[in-house]
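Trainee: Dropping a prediction and its sequence here:
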Amino acid sequence: MLVAAAVCPCPPLLVPEVAVGAAPELDALRDACGDALGLLAASRPDVLVAVGPADLPGRGAFPGGARGSFRPFGVALDVRLGHAPEPHGAGTATDDVRALPPSLAVAAWLLRGWDAAPVEGLGVGEPLAPERCAAAGREVAASAERVALLVMGDGSACRTVKAPGYLDERADAFDAGVAAALADADTEALAALDPELAQQLRAAGRAPWQLLAGAAQGSGLGGELLYEAAPYGVGYFVAGWT
């Protein structure tokens, strides 16, 4: 059963070593992410599942201890998603697992020092259909008695002319709808997001948010929006559902 969720964006710039001189610009965002993680810890979960967009056709699981790296972004910084489980028998399970996608590498960085519960990762392909996202969410919520989610994903990348996707006049309304849905824990609004429009607006969070909608359906959780801004023309949201 889902007992809490935190929604955070996943730009590598969230990591100060990657942002370098621009790092202070996102201090308020980092603080909001820390507050959201505090809500997860307070929920006393049996397991924390970090969910993020990935270059996959469907979805893929990553065990606790899976490795990620920011070396592709020019920074010699490696991370692990929580702690590797104690080995049972032969093999080095987490050393042979594929590398974390960038979104889950950012999640692993946010979770450094986390010890409130075991951590697992789930990469979600950005083209995954809404009904499949919802089904995956229900499956995750049913995986333990007390499940918490860390949901990584960015809003539209088309908020300004300097944004990665340039300016699209539909972007503001799309992101405003997402912000309202996250603030109200409105699972129906998240489930109704248009995948085609989200793709056109380069909103990488669409599939993870719709997984959250499936996981939280009927849970009775309330929402709180902790941060909403588009500092680089990309919509960033932080929310807590408890």
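Mentor: Received the coordinates, thanks. Numbering: from 1, shown residues only.
Trainee: What segments of this protein are helices?
Mentor: Per DSSP state H, the chain carries helices over the ranges 16-19, 27-42, 93-96, 102-110, 130-141, 171-184, 187-191, 195-200, 206-216.
Trainee: As JSON lines, those with mean pLDDT, mean neighbour count and distance to Thr160 would be great.
Mentor: The way it works is simple: take the backbone N, C-alpha and C, and place the C-beta from them, glycine included. Output for the helices of the chain, formatted as JSON lines (pLDDT from 0 to 100; neighbours: other C-beta atoms under 10 Å; distance: least, C-beta to C-beta, whole Å):
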{"stretch": "helix 16-19", "mean pLDDT": "95", "mean neighbour count": "16", "distance to Thr160": "19"}
{"stretch": "helix 27-42", "mean pLDDT": "97", "mean neighbour count": "18", "distance to Thr160": "17"}
{"stretch": "helix 93-96", "mean pLDDT": "56", "mean neighbour count": "12", "distance to Thr160": "40"}
{"stretch": "helix 102-110", "mean pLDDT": "98", "mean neighbour count": "26", "distance to Thr160": "22"}
{"stretch": "helix 130-141", "mean pLDDT": "98", "mean neighbour count": "20", "distance to Thr160": "28"}
{"stretch": "helix 171-184", "mean pLDDT": "98", "mean neighbour count": "19", "distance to Thr160": "9"}
{"stretch": "helix 187-191", "mean pLDDT": "98", "mean neighbour count": "19", "distance to Thr160": "24"}
{"stretch": "helix 195-200", "mean pLDDT": "98", "mean neighbour count": "15", "distance to Thr160": "16"}
{"stretch": "helix 206-216", "mean pLDDT": "98", "mean neighbour count": "28", "distance to Thr160": "20"}
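Trainee: and of these, who's closest to Asp78?
Mentor: Proximity to Asp78 (C-beta to C-beta) singles out helix 102-110 among these, at 8.9 Å.
Trainee: how far does that closest one sit from the chain's center?
Mentor: The chain centroid and the centroid of helix 102-110 are separated by 8 Å under C-alpha atoms, centre = their mean, to the nearest Å.
Trainee: list the helices and strands it packs on?
Mentor: Judged by 3 or more C-beta pairs under 8 Å, 6 or more residues apart in numbering; DSSP states H and E, helix 102-110 is in contact with strand 2-8, helix 27-42, strand 47-54, strand 67-69, strand 78-80, strand 119-125, strand 147-152.
Trainee: I'd like to know how far Leu226 sits from Asp35.
Mentor: Distance of Leu226 to Asp35, computed by C-beta to C-beta, to the nearest Å: 6 Å.
Trainee: Over to Gly214?
Mentor: For Gly214, the distance to Asp35 equals 25 Å [C-beta to C-beta].
Trainee: on that earlier part again, quick one, which of the helices of the chain is nearest to Ala239?
Mentor: Evaluated with C-beta to C-beta, those place helix 171-184 nearest to Ala239, the distance being 3.9 Å.
Trainee: Okay, and the beta partners of the residue nearest to the spatial centre of the chain?
Mentor: The centre of the chain sits closest to Met152, judged by C-alpha atoms, centre = their mean, with a distance of 1.1 Å. Beta-bridge pairing for Met152 (DSSP bridges): Cys8.
Trainee: Now do the contacts for it.
Mentor: Shown in contact with Met152 (C-beta atoms under 8 Å, 6 or more residues apart in numbering): 8-10, 50-53, 103-104, 106-107, 205, 208.
Trainee: Done for today, thanks.
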